[in-house]
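**Q** Starting from these lines, generate the structure:
(one chain, ligands or ions: 2)
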Amino acid sequence: MVKLAPSILSADFSRLLEHVKEVEAAGAEYLHVDVMDGHFVPNISFGAPILRSLKGKTNLFVDVHLMIENPDQYVKDFVDAGADLINVHIEACPHIHRTLQYIKSLGVKAGVTLNPGTPLVVLEEVLSYVDMVLLMSVNPGFGGQSYIEATTDKIFRLKTMIDDRGLDIDIQVDGGIKLDNVKTVVDAGANVIVAGSAIFNTDNINDTVLAFREAIK
Ligand SMILES: O=C(CO)[C@H](O)[C@H](O)COP(=O)(O)O
Ligand SMILES: [Fe+2]
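**A** Ligands and ions are numbered 1, 2, ... in the order given. As a prediction, the model looks like this:
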């Protein structure tokens with residue numbers, strides 16, 4: 001079953017809870033929370049207090065995408081604020097094995113994220129410790145960018161790598177996913193789809209979520 005993960009980066013923050021409830025009512029499963037620090041990526045979004053403001057007000061599975069340096073220092077804040085899964089960038093984690101163990105010790109799921117320029121080979125020693133791999137299909141830092149076409153083959157190769165090892169790991173893809181390319185991404189092997197601008201920058205969020213579901217049926 002493919003899950004939809006609307007990214008609140010493109011939501012209207014003055015109506016955040018309203019938007020969250022809208023995507024939940026439309027049938028999305030995840031809420032993708034993009035945290036940017038202005039160092040690891042050239043942009044600042046928001047921190048744990050914004051996530052905490054939603055705690056207890058949604059049943060969506062809260063998937064936190066940390067685009068920050070030294071994520072270990074902030075993981076617990078995001079777990080306390082309501083995260084169900086924490087995704088860390090492998091490029092920001094010199095001790096990725098320790099970081100993944102730490103995330104799991106806090107009782108949530110652990111994901112590892114790869115930038116478009118990072119090869120899959122870096123996953124070799126950590127694949128069996130993760131619940132999810134997030135492949136970036138844009139260079140992280142901004143919503144509304146175009147999907148990097150080479151990601152499709154990378155998804156396919158990751159799916160093969162996971163299957164060859166007999167593992168059960170979610171493949172999430174993030175960046176530039178729209179109604180016209182979502183099927184390609186799913187057909188390649190992704191089962192968690194992030195969409196920010198394509199869902200929130202529309203006149204009717206409900207209809208757009210339903211159209212995504214239809215496109216991947
Ligand atoms: O992590 C991200 C950017 O770094 C966002 O999740 C992603 O860009 C979603 O936005 P869009 O669907 O508009 O590309
Ligand atoms: Fe993201």
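
**Q** tally of neighbours for Asp203?
**A** By the criterion of other CB atoms under 10 Å, Asp203 has 6 neighbours. In short, each C-beta sits where N, CA and C put it, glycine included.

**Q** what's the spacing between it and ligand 2?
**A** In this view, Asp203 and ligand 2 are 23 Å apart by CB to the ion, to the nearest Å.

**Q** which residue sits closest to Val79, ignoring its sequence neighbours?
**A** Leaving aside its sequence neighbours, Val79 sits nearest to Leu106 (CB to CB, 6 or more residues apart in numbering; 4.6 Å).

**Q** For that neighbour, the count of nearby residues, please.
**A** For Leu106, using other CB under 10 Å, the count is 14.

**Q** My guess is it contacts Val75. True?
**A** Yes: using CB atoms under 8 Å, Leu106 is in contact with Val75, at 6.7 Å.

**Q** sec struct for Val35, please.
**A** Three-state call for Val35 (DSSP: H, G, I helix; E, B strand; the rest coil): strand.

**Q** mind checking pLDDT for it?
**A** You'll see Val35 listed with a pLDDT of 98.

**Q** again with the one 10 residues further on
**A** Ser45 carries a pLDDT score of 98 in this model.

**Q** any idea how far ligand 1 is from it?
**A** 9 Å (CB to the nearest ligand atom, to the nearest Å).

**Q** Give the burial count for that residue, as a bare number.
**A** Ser45: 21 neighbours (other CB under 10 Å).

**Q** try Val121
**A** Val121 has 8 nearby residues by other CB under 10 Å.

**Q** what do you get for Val122?
**A** 14.

**Q** Run through this protein and note the low-pLDDT ranges.
**A** For the chain, no stretch is flagged by pLDDT under 70.

**Q** now the residue of it found nearest ligand 2, what's its secondary structure?
**A** Across the chain, the shortest distance to ligand 2 (CB to the ion) belongs to His65, at 3.8 Å. Reduced to three states with three-state DSSP, the structure at His65 is strand.

**Q** Can you list the buried residues in the longest helix seen in the chain?
**A** Determined from DSSP state H, the single longest helix within the chain is helix 151-164. By neighbour count with 16 or more other CB atoms under 10 Å, helix 151-164 contains the buried residues 151-152, 154-155, 158-159, 161-162.

**Q** the strands in this structure, which residues?
**A** Ranges of strands in the chain, per DSSP state E, are 3-6, 30-36, 61-67, 85-89, 109-114, 132-136, 170-174, 192-195.

**Q** What is the neighbour count of Leu135?
**A** Counted with other CB under 10 Å, Leu135 comes out at 24.

**Q** Look up how far Thr160 lies from Arg213.
**A** 26 Å (CB to CB, to the nearest Å).
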